[in-house]
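> Okay, structure incoming, though there's no sequence with it:
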Ligand code: PEP
Ligand code: MN
């Protein structure tokens, strides 16, 4: 037995870290237009909402949304949840006025409490964040392997909550079609062929209908991220090169190929927020060194040249699947910025995954004072985004949404965004407004978006 075979409680650390590499591979498929990326979940998770009902509702909505896309657009969907660690929020102002009092802004459960009397930052909260993240991912893994996430059981994903009869009918048609297709595959014995799909490279599944799911959060609190950053062997590292293929006149001083890389183990995918993407800032410096696939939020204040320099820093070797650009300009501003950004990136030779976040540029305050987003405005940014990519000979690879499948005790969806097939009005917002951060699309509104995208990509 060679030394490398010796087991120790830490010997797993000498092995390649499969899931993150698998996600990089799948994102490179999105970059090649062979798959679609769904990035979605809460604006911010809270420790109190870490319950099995809430987690199942979130996963159920992500699965339902992706099923509509897979079925309509016939594209594999890469699912990344804003989940299991999305506990820190960037703020535009360090303080806010509540009830006549100037208090520290709420920065997410990682830092302080939503209650005005609990705004002092408390480092103990980071331990609690770790515990809640681990609990969430543990439960998600249980769900994924229990059959809940299997495409054989889409009726378990809370179809009963779809109250709009037309939406319900459309979704049921898909589920019936899918059952037939899976039945047929089973009958002809095609089930075990799935692992051969190139999309499944990096440890394929051997049954049709089982799904992948990845976690993500904004990499905002660098102390937390640093503490969970570890070196692991790169995939394929340690494989002795074939001497018969060694290039002639090899430069003896050439740098040795890297065998290890730093991975952030707190999530598969992390993103840099629009407020922390300064070229010479700490966040870009941290992100450039981790091997995880990363996202960068791109808002209206980003210059084309700046965007390319940022890509040069975080992806100097132009590796496919490494960078996802999440654009969020606002429906009224996208026409002034997106085309220039696409052209600058195309001219630079960088390959990226382009994702539309139609939420963050479209937040408004309603007459009742509640923060909201109008469904029509969200669809407007998304539609413009799809059109501009086509005009620029580019392709939108995915969407980044804030949505929730959460229900109240009586089984009703939240009322945080206005409009959609249920035609929610501003006066209905206070009925079931549960977000303590940004307003999220509810179950029905999310499926409306899914059908709209699916129809766009339908051949
Ligand atoms: C977010 O995604 O919740 C967020 C704060 O986004 P942005 O950095 O784009 O404003
Ligand atoms: Mn948000």
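Thanks, I have it. The structure displayed is predicted, hence computed values, not measured ones. Numbering: from 1, shown residues only. Ligands and ions are numbered 1, 2, ... in the order given.
> Phi, psi for the residue nearest to residue 295 when sequence neighbours are not counted please.
Residue nearest to residue 295 in three dimensions, not counting chain neighbours: residue 271, with 3.2 Å by CB to CB, 6 or more residues apart in numbering. Where you see a C-beta, it was placed from the backbone N, CA and C, and this is true even at glycine. Backbone torsions of residue 271, given as degrees, to the nearest 10, read phi -130, psi 160.
> For the protein, which segments count as helices?
With helices called from DSSP state H, the chain shows them at 18-31, 52-73, 124-146, 165-187, 222-227, 282-288, 304-314, 334-348, 375-391, 443-457.
> contacting residues around the residue of the stretch 101-250 of the chain found nearest ligand 1?
Across the stretch 101-250 of the chain, no residue is closer to ligand 1 than residue 218, which sits at 6.2 Å (CB to the nearest ligand atom). Going by CB atoms under 8 Å, 6 or more residues apart in numbering, residue 218 touches 86, 88, 89, 90, 270, 271, 272, 273.
> residues touching the residue of the stretch 351-459 of the chain found nearest ligand 1, list them.
Closest contact between the stretch 351-459 of the chain and ligand 1, by CB to the nearest ligand atom, is at residue 360 (4.3 Å). Residue 360 makes contact with 274, 297, 299, 328, 438, according to CB under 8 Å, 6+ apart.
> Distance of the fourth one relative to residue 341?
Distance from residue 328 to residue 341, counting by CB to CB, to the nearest Å: 12 Å.
> can you tell me the residue of this structure closest to ligand 1?
Closest point on the chain to ligand 1, by CB to the nearest ligand atom, is residue 273, at 3.2 Å.
> tally of neighbours for that residue?
19 (other CB atoms under 10 Å).
> give me the beta-bridge partners of the residue nearest to residue 295?
residue 218, residue 295 (DSSP bridges).
> ok, it - contacts?
216, 217, 218, 219, 294, 295, 296, 297, 324, 326 are the contacts of residue 271 under CB under 8 Å, 6+ apart.
> What score does it have for pLDDT?
In this model, residue 271 is scored at 98, pLDDT.
> any idea how far it lies from residue 121?
23 Å.
> One more: residue 361?
In terms of CB to CB, residue 361 sits 29 Å off from residue 121.
> likewise residue 358?
Distance from residue 358 to residue 121, by CB to CB: 32 Å.
> again with residue 105
On the measure of CB to CB, residue 105 and residue 121 end up 11 Å apart.
> Which of those two has more residues huddled nearby?
residue 105 (16 against 10).
> Would you list the phi and psi of the nearest residue to that one once chain neighbours are set aside?
The spatial neighbour of residue 105 that comes closest, neighbours along the chain excluded (CB to CB, 6+ apart), is residue 91 at 4.4 Å. When quoted as degrees, to the nearest 10, the phi and psi of residue 91 stand at phi -130, psi 150.
> how about residue 91, what does it touch?
Counted by CB under 8 Å, 6+ apart, residue 91 has contacts 105, 106, 107.
> So which helix or strand of the chain has the lowest pLDDT on average?
The least trusted helix or strand in the chain, going by mean pLDDT, DSSP states H and E, turns out to be helix 165-187, with a mean of 84.
> Quick check: the residue nearest to residue 452 when sequence neighbours are not counted vs residue 102, distance?
Distances taken as CB to CB, 6+ apart put residue 379 closest to residue 452, at 6.4 Å, once the chain neighbours are dropped. Distance, residue 379 to residue 102, using CB to CB: 38 Å.
> More neighbours: those two, which one.
Shown here are residue 379 and residue 102; by other CB under 10 Å, residue 379 has more neighbours (19 against 8).
> Surely that one touches residue 362?
No: contact criterion CB atoms under 8 Å: residue 379 and residue 362 do not qualify, at 10.1 Å.
> What parts of the chain come near ligand 1?
Proximity of the chain to ligand 1, by CB under 6 Å from any ligand atom, involves residues 43, 90, 273, 274, 275, 297, 328, 360.
> now the residues you listed: which count as buried?
43, 273, 274, 275, 297, 328, 360 (16 or more other CB atoms under 10 Å).
> Which pLDDT value belongs to the third one?
At residue 274, the pLDDT value in this model is 97.
> Pretty sure it sits against residue 297.
Yes: using CB under 8 Å, residue 274 makes contact with residue 297 at a distance of 4.1 Å.
> Tell me the residues that contact both of the two, please.
Contacts common to residue 274 and residue 297, judged by CB under 8 Å, 6+ apart, are 328, 360.
> How many residues are close by residue 333?
Neighbours of residue 333 (other CB under 10 Å): 16.
> residues contacting it?
Contacts of residue 333 (CB under 8 Å, 6+ apart): 300, 361.
> Mind pulling up the pLDDT for it?
98.
> Just to check, residue 331 is in contact with residue 362?
Yes: Residue 331 lies in contact with residue 362 (CB under 8 Å); the separation is 5.8 Å.
> what about these two, which has more around it?
Set residue 331 next to residue 362 and count neighbours by other CB under 10 Å: residue 362 wins out with 24 against 20.
> Make sure the more buried one is actually in contact with residue 376.
No: at 9.7 Å, residue 362 does not count as touching residue 376 under the criterion of CB under 8 Å.
> Name the nearest residue to residue 302, sequence neighbours excluded.
Residue 302's closest residue in space is residue 341 (CB to CB, 6+ apart), at 7.0 Å.
> Just to check, that neighbour is in contact with residue 300?
No: Residue 341 is not in contact with residue 300 according to CB under 8 Å; the separation is 10.0 Å.
> who's more crowded, the two?
Between residue 341 and residue 300, counted using other CB under 10 Å, residue 341 has the larger neighbour count: 22 against 16.
> In contact with the more buried one, which residues?
298, 302, 304, 307, 325, 327 are the contacts of residue 341 under CB under 8 Å, 6+ apart.
> sorry, back to before: next one, pLDDT for the residue nearest to residue 452 please.
pLDDT at residue 379 comes out at 97.
> With the one 10 residues further on instead?
Residue 389 is assigned 98 on the pLDDT scale.
> List the residues that contact it.
Counting by CB under 8 Å, 6+ apart, the residues that residue 389 touches are 338, 342, 354, 395, 396.
> Return the distance of it relative to residue 398.
11 Å.
> before we move on, what about residue 353?
On the measure of CB to CB, residue 353 and residue 398 end up 7 Å apart.
> For the two, indicate the residue with more neighbours.
residue 353 (28 against 25).
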